[in-house]
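Q: No letters, just coordinates:
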């Protein structure tokens with residue numbers, strides 16, 4: 001997705017699809033327009049290669065889909081590594097300066113008052129999102145219903161012409177490679193099956209994703225922000241990574257895991273992990289959610305020591321401790337005292 005700002009057609013710029021092939025020399029400086037997953041991943045990577053990086057983000061936090069505490073953790077990490085971050089900034093125009101640099105002009109709302117600012121850099125990387133590129137196909141002429149956001153499909157991934165299916169970024173709602181793969185598996189089954197009632201619906205109830213910054217940010221299900229927006233009552237269990245011995249030994253103890261469960265229950269509603277290997281650690285929770293296994297079962301599962309996977313058991317142990325009500329504590333205290341006689 002290329003922003004419709006003044007001068008954008010007259011300057012060279014990169015996207016995540018072109019920067020790996022067309023950037024031949026390491027630049028001294030770079031502006032990253034967009035603070036989503038791709039913008040943050042590439043900003044950190046280029047900063048570690050010695051490039052002076054500035055992220056310009058329209059909203060008030062990085063990684064807008066994540067909870068604010070997760071975004072703030074990542075923001076602190078990037079700033080500590082030397083990345084400059086400008087939030088609440090509306091890109092206004094771009095041009096090439098007399099010195100051959102890219103000049104980005106934007107309206108800065110971060111200080112509480114609107115002010116025009118200009119940043120200069122050797123290169124501009126655009127990472128504000130993706131848009132479907134189906135428009136040249138003229139799908140409406142064959143009766144396929146589309147909108148500006150993509151191709152419309154039903155629960156079976158059929159378009160308005162039932163013999164035509166669509167999958168991937170062109171339909172959403174999650175723009176991930178693994179989502180396109182999952183949708184493709186459903187479509188292959190549905191093409192083969194002759195009757196609609198035997199066809200499989202696409203299930204979006206448990207969708208994991210990972211942002212490959214360091215440390216990784218992995219997520220599945222509800223976050224706190226989404227739970228509050230939907231007025232879902234929940235219990236929250238947080239495990240700092242410094243509580244996991246393997247992480248401490250490997251000096252990778254910056255991060256945490258957040259587990260949301262249904263209020264008063266061990267049913268897992270969502271998990272966010274900020275840690276090295278978070279994308280790998282997430283799948284124990286994703287499997288549990290898909291199989292409707294609660295935190296209590298995870299707590300009773302023996303985890304090898306010392307591993308990063310103990311993070312899941314420690315979160316489950318925190319749930320188990322909430323079950324020790326005052327009444328239960330009195331009973332166990334009595335049983336313990338009785339056993340000592």
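A: Now that the structure is in, tell me what you want to look at. Keep in mind the model is a prediction, meaning the values are calculated, not measured.
Q: what about this structure, any weak spots by pLDDT?
A: The model of the chain has pLDDT under 70 over residues 111-114.
Q: What's the local residue count around residue 60?
A: 12 (other C-beta atoms under 10 Å). Every C-beta, even on glycine, is put in place using the N, C-alpha and C of the backbone.
Q: do residue 268 as well
A: Here the number of neighbours of residue 268 (other C-beta under 10 Å) works out to 27.
Q: residue contacts, it?
A: 221, 259, 260, 261, 285, 288, 289, 293, 294, 295 (C-beta atoms under 8 Å, 6 or more residues apart in numbering).
Q: The same query, at a cut-off of 6 Å, please.
A: Residue 268 sits next to 261, 288, 289 when contact means C-beta atoms under 6 Å, 6 or more residues apart in numbering.
Q: Among those residues, name the buried ones.
A: Taking 16 or more other C-beta atoms under 10 Å as the criterion, what is buried in the contacts of residue 268 is 261, 288, 289.
Q: Is residue 209 within a helix or a strand, and which one?
A: If you go by DSSP states H and E, residue 209 is part of strand 208-211.
Q: Following the chain onward from that strand, which element is next?
A: Heading C-terminal from strand 208-211 (DSSP H and E), you reach strand 216-221.
Q: before we move on, the earlier item: ok, of the contacts of residue 268, which one's closest to residue 24?
A: The shortest approach to residue 24 among those belongs to residue 289, at 45.0 Å (C-beta to C-beta).
Q: ok but the closest one is inside a helix, no?
A: Yes: judged by DSSP: H, G, I helix; E, B strand; the rest coil, residue 289 forms part of a helix.
Q: Distance check, it against residue 298.
A: 11 Å (C-beta to C-beta, to the nearest Å).
Q: Contacts for the strand holding residue 209, please.
A: The contact list for strand 208-211, computed with C-beta under 6 Å, 6+ apart, reads 37, 176, 216, 217, 218, 219, 220, 279, 282, 286.
Q: and the fourth one, what is it in contact with?
A: What that stands for is residue 217. If a contact means C-beta under 6 Å, 6+ apart, then residue 217 has 211, 274 as its contacts.
Q: For residue 189, see how far away it is.
A: Distance of residue 217 to residue 189, given as C-beta to C-beta: 32 Å.
Q: do the third one as well
A: Counting by C-beta to C-beta, the gap from residue 216 to residue 189 is 32 Å.
Q: between these two, who's got more neighbours?
A: Counted by other C-beta under 10 Å, residue 216 and residue 189 do not tie: residue 216 has more neighbours, with 20 against 13.
Q: so what's that one up against?
A: Neighbour list for residue 216: 210, 278, 279 [criterion: C-beta under 6 Å, 6+ apart].
Q: Identify the residue spatially nearest to it, adjacent ones excluded.
A: Closest residue in space to residue 216, ignoring its immediate chain neighbours: residue 278 at 3.9 Å, by C-beta to C-beta, 6 or more residues apart in numbering.
Q: Isn't the one you found up against residue 214?
A: No: proximity of residue 278 to residue 214 does not meet the contact threshold set by C-beta atoms under 6 Å, at 10.2 Å.
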